[in-house]
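1. Sequence plus the predicted model coming up.
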Amino acid sequence: MTESFPVARPSGCPFDPAREYATFRRTDGLAKVSTPAGVDAYVVSRYDEVRTLLRDSRLSSRSAPSDHVVPDADLDRDVDPGSILNVDGAAHKRLRRLLATEFAAKRMEAMRPRIAAMIEERIDAMLAAGGPVDLVREFALPIPSLVICELLGVPYADRDEFQERSALLVRVDGWTDEIQRASDELDQYMVGLVQAKQAERSDDLLSRLITRGEELGDPLSLPELVSLGITLLIAGHETTANMIALSTLALLRNPEQLALLRSDPSLAPAAVEELLRYLSVVHFGLFRHVTDEVALGESTIGAGEFLIAALSSANRDESVFPDPDRLDVEREAAAHVAFGFGPHQCLGQQLARVELQEVFTRLYSRIPTLRLAVPFEEIRYRDNTLVYGVSALPVTWDRAAEAPATDRDLKSS
């Protein structure tokens, strides 16, 4: 019997993946499900097999990341030039090679002082305004938006141009005229931005991509640059913004873990990896088309079938992460697959790590009495989008307990 693809997180436990995944892992790790897209697919739920799937060249990502949860999605549509999430093989390697230098760990680490300063400025602004505030609007969304705008060379004053539209484009409840308009408008905006950079280069990622392609004798076309720019703009703020807010909520619900982090800021890197594992905000997994017969465990999947790599299930696999449903900021969790795995593993993962580490080091020490301003039960979640998170996070604090930033704090970053 074919079950429905599990899309709902358990009621009352917003940090856990769908309960069905644990059942899948206990059986053969592979379950056939019907999907909202109108096709049947196999859910791959165990850690080792998810990694095997995601590095197999016989699996196409042309409907990545999550077309399986979009009602009646067109799974045979043409892939846009420059769509790095959807192209395979040589076309994907070409785009990734051009981008790899931009997201190298050394370059991301060099951005740390600037990111730290942005975070301190936002904390100062929140403290000056006084609580309660919506942490999503006042902190979690502005930080990665500021960072990705500076990186790409997008004027931050234009943030409304992409924040509203990208929020629509990551929805999974069906394509509408409103979403089509948002897509068209964001496309037009990026065309204008790229053309301006083609005419006059600056010290930003888009300009360097244009120059690098020309120097290699393999220039990126306007459609390719537009597609890459939109992908980086959306991915660069949606995922990290949701991680900041949802991680804060998870830590507030696990005060003993937050106390550990506050008492020892050197735990920030481990806490980031653990929260990435624990929350798995790309919560519907990654969709793949089988182009040639492939064996997974004891099963053989034929060409033309569909597979779903359940990242949130792999990150709760008991054989890899003991007591996986427990948040433990001291856990060694760096082997998680929250950023995917294989050739399509997230290019911006090192940037996300730097941002999250600096947030965890600074926010909770600067505002040690941070707490929810509403009952936990009133928090509403973004469960109909590709990236899971909270719609808003009202928080407050005791003003007398605020801690000022120091020059030493910023220099040590």
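-> Cool, got the structure.

2. and L59, what does it touch?
-> L53, R288, H289, V290, T291, V294, L307 (Cβ atoms under 8 Å, 6 or more residues apart in numbering). In short, each C-beta sits where N, CA and C put it, glycine included.

3. pLDDT wise, what is it at?
-> On pLDDT, L59 comes in at 94.

4. Number the chain from 54, please
-> Understood, numbering begins at 54; the last thing we discussed is L112.

5. Go through the contacts of L112 and name the one nearest L400.
-> Ranked by distance to L400 (Cβ to Cβ), these are led by R341 at 18.5 Å.

6. Next, give phi and psi for the closest one.
-> Per-residue torsions, R341: phi -140, psi 140 (degrees, to the nearest 10).

7. Can you read off the backbone torsions of the closest residue in space to it that isn't next to it in sequence?
-> Computed as Cβ to Cβ, 6 or more residues apart in numbering, the closest residue to R341 that is not its neighbour in sequence is L112, at 4.1 Å. As for L112, its main-chain torsions (degrees, to the nearest 10) stand at phi -110, psi 120.

8. just to revisit the earlier point, quick one: which of the contacts of L112 is most hemmed in?
-> Neighbour counts for those (other Cβ atoms under 10 Å) peak at R341, which has 28 neighbours.

9. so who does that residue touch?
-> L106, L107, L112, S113, S114, A117, F359, L360, I361, A362.

10. From those, which land in strands?
-> L112, S113, F359, L360, I361, A362 (DSSP state E).

11. and L239, how far is that from A163?
-> 29 Å (Cβ to Cβ, to the nearest Å).

12. typo on my end, R72
-> Remark: distance between R72 and A163 (Cβ to Cβ) = 43 Å.

13. rewinding a little: next, give me the two most distant ones among the contacts of L112.
-> Among the contacts of L112, L106 and T344 lie farthest apart (Cβ to Cβ), at 12.9 Å.

14. list the buried ones in the longest helix along the chain?
-> Longest among the helix segments of the chain by residue count, using DSSP state H, is helix 275-306. For helix 275-306, a neighbour-count test (16 or more other Cβ atoms under 10 Å) marks 275, 277-305 as buried.

15. for stretch 263-274, same thing?
-> By neighbour count on 16+ other Cβ under 10 Å, the buried set for stretch 263-274 is I263, R265, G266, P272, L273.

16. and those as CSV, adding distance to G184 and secondary structure?
-> Below are those laid out as CSV (distance: Cβ to Cβ, whole Å; DSSP: H, G, I helix; E, B strand; the rest coil):
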residue, distance to G184, secondary structure
I263, 44, helix
R265, 45, helix
G266, 48, helix
P272, 50, coil
L273, 46, coil
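
17. so which of those residues comes closest to E327?
-> Distances from E327 to these, taken by Cβ to Cβ, are shortest for R265, at 35.9 Å.

18. Strands along the stretch 154-303 of the chain, start to end?
-> Taking DSSP state E, counting those that start in this stretch as the criterion, the stretch 154-303 of the chain contains strands spanning 186-187.

19. now the buried residues of stretch 263-274 in CSV, with pLDDT?
-> Below are those laid out as CSV (pLDDT from 0 to 100):
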residue, pLDDT
I263, 95
R265, 92
G266, 91
P272, 93
L273, 94
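
20. Switch those residues over to CSV; also include distance to P375.
-> As requested, the buried residues of stretch 263-274 are arranged in CSV below (distance: Cβ to Cβ, whole Å):
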residue, distance to P375
I263, 48
R265, 45
G266, 47
P272, 50
L273, 46
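
21. tell me which of those residues is nearest to A90?
-> The nearest member of the buried residues of stretch 263-274 to A90, counting by Cβ to Cβ, is L273 at 30.5 Å.

22. The closest one - nearest residue in space that isn't next to it in sequence?
-> Leaving aside its sequence neighbours, L273 sits nearest to G266 (Cβ to Cβ, 6+ apart; 4.5 Å).

23. any idea whether the residue nearest to K146 when sequence neighbours are not counted is helix, strand or coil?
-> Nearest non-adjacent residue to K146, counting by Cβ to Cβ, 6+ apart: P396, 7.6 Å away. Reducing the assignment at P396 to three states with DSSP: H, G, I helix; E, B strand; the rest coil gives helix.

24. Sounds good, over and out.
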